[in-house]
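>>> Let's see this in three dimensions:
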Amino acid sequence: MINREELLKIAPDALFDEPMKNHTTFRIGGSADALVSVKNAEEIGEIISYCREKDIPYMIMGNGSNMLVSDKGIRGVVIQIASGMNECKIEGENVYAQAGILMTALANRILEAELAGFEFASGIPGTLGGGIYMNAGAYGGELKDIITDVTYIDKNGKIKTSPNSELDFGYRHSIFESGEYVILSCNMKLKKGNTDDIKAQMRDYSNRRAEKQPLSMPSAGSTFKRPQGYFAGKLIQDSGLMGYSIGGAQVSEKHAGFVVNKGGAAAADVLALIEYVQKTVKEKFGVDLEPEVRLIGEK
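Presented below is the predicted three-dimensional model:
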């Protein structure tokens, strides 16, 4: 049980019984007992120490762009690393950025500095921290290709910096998925480029996304990871599931790899639809689809 007065002493901006549908791109989710948008590593450390001392569960989130929060919500404290930690410094070809900066905003800063190599991430809707957590990528690029090191809070509460080689980056994976660490910032190495060429590449990726993805509807991006040797969207489409709905959740009519909230969807609708898609694809093609979206909250 959270003592509100105690938490407010550490985090004066804490919100209580906060609807998570207001903090996720799916626009779905019950209430969190408490949500704190943090401003620095010290505040994160204090909140985590308090939660551990009081045996209160806690979790870290960014922009909520890859999350499906359960209808029952989240017990404990949600620590949001977002606009309060969005610094970016660029020196030559080296980029330092905090975990809370949006990838779209970072892409624009990098464009202004005439640096190439981050274009692939320019349309990814999450924060840099969330991107590092899952080694986000698109159009043949991944964050692991440009990150030199990451600074984080380890499981003992110490701030540590580790080089790329120690972070176990793989397809939609990093060491941070163990949940024992809190990403604070990273350094990246890019290369000088031509502003017009970089802008054109970003525009091309943006147009491709708008053409193929259901950007106008609430979702959590690609619902499933790419199975070895296949494309999830193609398998789902070939299973005849485009437009298939359960409650307010629907397999997108524009891109079968996306489950969207067509209006008033509950988390239970999305989960039921995910399970139905998995079952159907398994029966038709013998392929197991693994969710890319993170399922969060009280069952």
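>>> separation between Gly130 and Leu102?
Applying Cβ to Cβ, to the nearest Å, the value for Gly130 to Leu102 is 10 Å. To be clear about C-beta, it is placed using only N, CA and C from the backbone, and glycine gets the same treatment.
>>> Find residues that contact each of those two.
In terms of Cβ atoms under 8 Å, 6 or more residues apart in numbering, Gly130 and Leu102 are both contacted by the residues Asn63.
>>> out of the two, which sits in the busier spot?
Gly130 (28 against 21; other Cβ atoms under 10 Å).
>>> pretty sure the more buried one is in a helix, no?
Yes - Gly130 forms part of a helix when assessed by DSSP: H, G, I helix; E, B strand; the rest coil.
>>> tell me the secondary structure for Ala97?
Criterion first, three-state DSSP; result for Ala97: strand.
>>> and it, how many residues sit next to it?
Using other Cβ under 10 Å, Ala97 has 25 other residues around it.
>>> Next, the contact list for it, please.
Ala97 neighbours (Cβ under 8 Å, 6+ apart): 87-89, 106, 128, 185-186, 188.
>>> Pull up the gap between it and Tyr181, please.
Taken as Cβ to Cβ, the span from Ala97 to Tyr181 is 17 Å.
>>> returning to what we had before: and the buried ones among the contacts of Ala97, selectable in ChimeraX?
Selecting only the buried members of those in ChimeraX, with burial defined as 16 or more other Cβ atoms under 10 Å, works like this:
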select :88,106,128,185,186,188
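>>> Need the contacts of Ala97 in a markdown table (columns: distance to Glu42 and secondary structure).
Putting these into a markdown table (distance: Cβ to Cβ, whole Å; DSSP: H, G, I helix; E, B strand; the rest coil) gives the following:
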| residue | distance to Glu42 | secondary structure |
| --- | --- | --- |
| Glu87 | 15 | coil |
| Cys88 | 20 | strand |
| Lys89 | 20 | strand |
| Leu106 | 23 | helix |
| Leu128 | 20 | helix |
| Ser185 | 14 | strand |
| Cys186 | 19 | strand |
| Met188 | 24 | strand |
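>>> show me where the stretch 151-299 of the chain has strands.
Using DSSP state E, counting those that start in this stretch, the strands of the stretch 151-299 of the chain run over residues 159-163, 182-189, 191-192, 245-246, 249-251, 259-261, 294-296.
>>> Contacts for the helix or strand of the chain with the lowest mean pLDDT, please.
Using mean pLDDT, DSSP states H and E, the weakest-scoring helix or strand in the chain turns out to be strand 137-138, at a mean of 92. With Cβ under 8 Å, 6+ apart as the test, strand 137-138 has contacts from 120-121, 123-124, 143, 172, 205.
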